[in-house]
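Student: Predicted model and sequence below, questions to follow.
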2 protein chains.
Amino acid sequence: MAHASSDQTPATWRHSAEVALRAAGLRCTFPRRAILDWIAAATGPFTAEQLVAALEAQHGSSSRATIYRLLDWLQSAGWLTRIYSDGTQHAYARFWPGHHHTAVCVRCGSAAVISECHVEESIRPALAALDFEIHGHVLELYGVCTNCRTRAD
Amino acid sequence: MAHASSDQTPATWRHSAEVALRAAGLRCTFPRRAILDWIAAATGPFTAEQLVAALEAQHGSSSRATIYRLLDWLQSAGWLTRIYSDGTQHAYARFWPGHHHTAVCVRCGSAAVISECHVEESIRPALAALDFEIHGHVLELYGVCTNCRTRAD
DNA sequence: CGAGTTATTGATACACTGTCGCAAGTTTAT
DNA sequence: ATAAACTTGCGACAGTGTATCAATAACTCG
Ligand SMILES: [Zn+2]
Ligand SMILES: [Zn+2]
Ligand SMILES: [Zn+2]
Ligand SMILES: [Zn+2]
C-alpha cells in the first residue's frame, strides 16, 4: 500500500485513513468518523482511554468496544503507531504507514516522527555475532523538545 | 550465548542482586529470595504474572503484592530490564545495570542482550533538525534466534 | 427507491492486571 | 530479650481491555 500523498497534514491523514478503511471493505460509520475526527485533531500521542473519555463527553458517542476495535485496525494498517513505553496502557500516535521512530518529549508529551532509520545497519555486527536473523525493531527516543526547552530557559 | 563477560552468569546475577538489595537497606527475606531464585533460573523474558503463577505453585509462595513490589525495585535499580513491547503486561528480562538493548526471538521468546549502542550518534542528524535534546532511548529488536532457525531448517 | 445482505454497534458481563491500606508477622540492632 | 523498623499477605478495589449477541445501520443491486 503506497501512499503517494506528499503533505502529511492532519486533514490529509483523516481523509487517507478513511479511504483506506473503505478500501479494506470496512464501512465508514458515524462512530468511526467521530473517532477519526478526534485522532486527526490530536496534537500528540494519546491513550485509548483518553479517546474513550473524550468521546463519552460528546453527543452520540462511540462505545468503548467500538473505539478499541478501530484502534486495533488503524494500528495494524499502519495509521497509528503504538507507543509502547507509555505505561501499560494502549497508547498511540497518529502516523503514516512506513517504518519510523518517535521522539517523545518527556515534558509536554508531544511526539515527533523520525522516518530516517539506520538502526539495523548499525546493529548488524552485534547481531551477526549472535547469529540473530532480524525481522524488525522498535525504537523510541526520549528528551525535551525545542518548545519546552526555550520555555524553561 | 555470546554474552560479554563470563561473570554474568545467572548465579552471579542472583548473588549480586541480593548484595545490592542489602546495600539499599532492604531485607533479604524468604519471599524475596524465592523471587530472586526464580528469576535467576529463568532462561528468557518473563511477565509478572508468569512469576506469580510459578510461585503460587510452590510451597510458601510469595503474594502478588510482594512480587510486584520487588519487581519494581529490581527494575528501578537496573537488575531487570523492562520489555515494553510484549503486550500490555509488565514483562522483564534479567539484566545487568547499564545501557543495553534486547534482541527478542519471536519464536521461542529468548532475549539476548546487546550492550553495544550507536543509536544516538546515528540518529543525531535527524534530532538536530528537530532541535530535540535527547535524554535516552528504548530499542527492542525482533527476529529469530540461531537455535530456532536451525531447528526449522 | 426499497428489499436483502452483511457489517457494525453498544450494552452488559466478564477476565485480568496491578494497586492500596493495614494488621500481623519477621528481621535486625541493642 | 526487647524494641524498632521493615515486610508480608490478605482482601478489597480500580482500571483496562475482551467476548457475546441481539438490534441496528450501512451498503448493494435490481
Ligand atoms: Zn515538549
Ligand atoms: Zn528503525
Ligand atoms: Zn528462538
Ligand atoms: Zn541504546
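Tutor: The structure has been received and is ready for your questions. Ligands and ions are numbered 1, 2, ... in the order given.
Student: Strands of chain A, residue ranges please.
Tutor: Residue ranges of the strands in chain A, as given by DSSP state E, are A:46-47, A:80-82, A:91-94, A:101-105, A:111-114, A:133-144.
Student: Any chance of TSV for those strands, columns mean neighbour count?
Tutor: C-betas here are computed from N, CA, C, even on glycine. Shown next, in TSV, are these (neighbours: other Cβ atoms under 10 Å in any protein chain shown):
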stretch	mean neighbour count
strand A:46-47	20
strand A:80-82	22
strand A:91-94	23
strand A:101-105	23
strand A:111-114	20
strand A:133-144	18
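Student: Quick one: closest of these to B:Ala129.
Tutor: Of all the strands of chain A, the one in closest proximity to B:Ala129, counting by Cβ to Cβ, is strand A:111-114 (9.1 Å).
Student: Is the closest one positioned near ligand 1?
Tutor: No - if you take Cβ under 5 Å from the ion as the test, strand A:111-114 misses ligand 1, and the best it gets is 9.5 Å.
Student: quick one: is that strand near ligand 2?
Tutor: No - applying Cβ under 5 Å from the ion, one finds strand A:111-114 separated from ligand 2 by no less than 8.5 Å.
Student: can you tell if that strand touches chain B?
Tutor: Yes - for strand A:111-114, a contact with chain B is found by Cβ under 8 Å from any Cβ of the partner chain, at A:112, A:114.
Student: Need the contact partners of that strand.
Tutor: A:44-45, A:81, A:83, A:93, A:95-96, A:100-105, A:141, A:145, B:123, B:126-127, B:130, B:132 (Cβ atoms under 8 Å, 6 or more residues apart in numbering or on different chains).
Student: Now do that strand: distance to the chain's middle.
Tutor: 10 Å (Cα atoms, centre = their mean, to the nearest Å).
Student: Neighbouring strands of it in the sheet, and parallel or not?
Tutor: strand A:101-105 (antiparallel) (DSSP bridges).
Student: what angle separates the strand it pairs with from strand B:133-144?
Tutor: Orientation check (axes from the mean of the first three to the mean of the last three Cα atoms, to 10 degrees): strand A:101-105 against strand B:133-144 gives 150 degrees.
Student: can you tell me the average pLDDT over strand A:101-105?
Tutor: Averaging pLDDT along strand A:101-105 yields 84.
Student: same check, this time on stretch A:12-32
Tutor: The average of the pLDDT scores along stretch A:12-32 is 93.
Student: Need the distance between the two termini of that stretch.
Tutor: One end of stretch A:12-32 sits 17 Å from the other (Cα to Cα, to the nearest Å).
Student: Those residues of chain A touching DNA strand D, which are they?
Tutor: A:22, A:27-30, A:47-49, A:64-65, A:68, A:72, A:88-90 (Cβ under 7 Å from any atom of the strand).
Student: looking at the residues you listed, which has the most residues close by?
Tutor: A:His90 (21 neighbours; other Cβ atoms under 10 Å in any protein chain shown).
Student: And that one, what's its pLDDT?
Tutor: pLDDT, A:His90: 90.
Student: how about the residue nearest to it when sequence neighbours are not counted, what does it touch?
Tutor: Sequence neighbours aside, A:Ala48 is the residue nearest to A:His90 in space, at 4.4 Å (criterion: Cβ to Cβ, 6 or more residues apart in numbering or on different chains). The neighbourhood of A:Ala48, defined by Cβ under 8 Å, 6+ apart, consists of A:67-68, A:71, A:89-92.
Student: What residue in chain A comes nearest to DNA strand D?
Tutor: A:His90 (3.3 Å; Cβ to the nearest atom of the strand).
Student: And the contacts of the least confident helix or strand in chain A by mean pLDDT?
Tutor: Lowest by mean pLDDT, DSSP states H and E among the helices and strands of chain A is helix A:146-152, with a mean of 81. In this structure, residues lying in contact with helix A:146-152 by Cβ under 8 Å, 6+ apart are A:105, A:107-108, A:110, A:144, B:130-133.
Student: what's the answer for stretch A:61-69, then?
Tutor: Contacts of stretch A:61-69 (Cβ under 8 Å, 6+ apart): A:31-32, A:34-35, A:48, A:51-52, A:55, A:90.
Student: Now with 7 Å, please.
Tutor: The contact list for stretch A:61-69 (Cβ atoms under 7 Å, 6 or more residues apart in numbering or on different chains) reads A:31, A:34-35, A:48, A:51-52, A:55.
Student: Could you do stretch A:89-105 as well?
Tutor: A:1, A:3, A:8, A:13, A:39, A:42, A:44-49, A:71, A:75, A:78-83, A:111-115, A:117, A:139-145, A:148, B:88, B:127, B:130, B:132.
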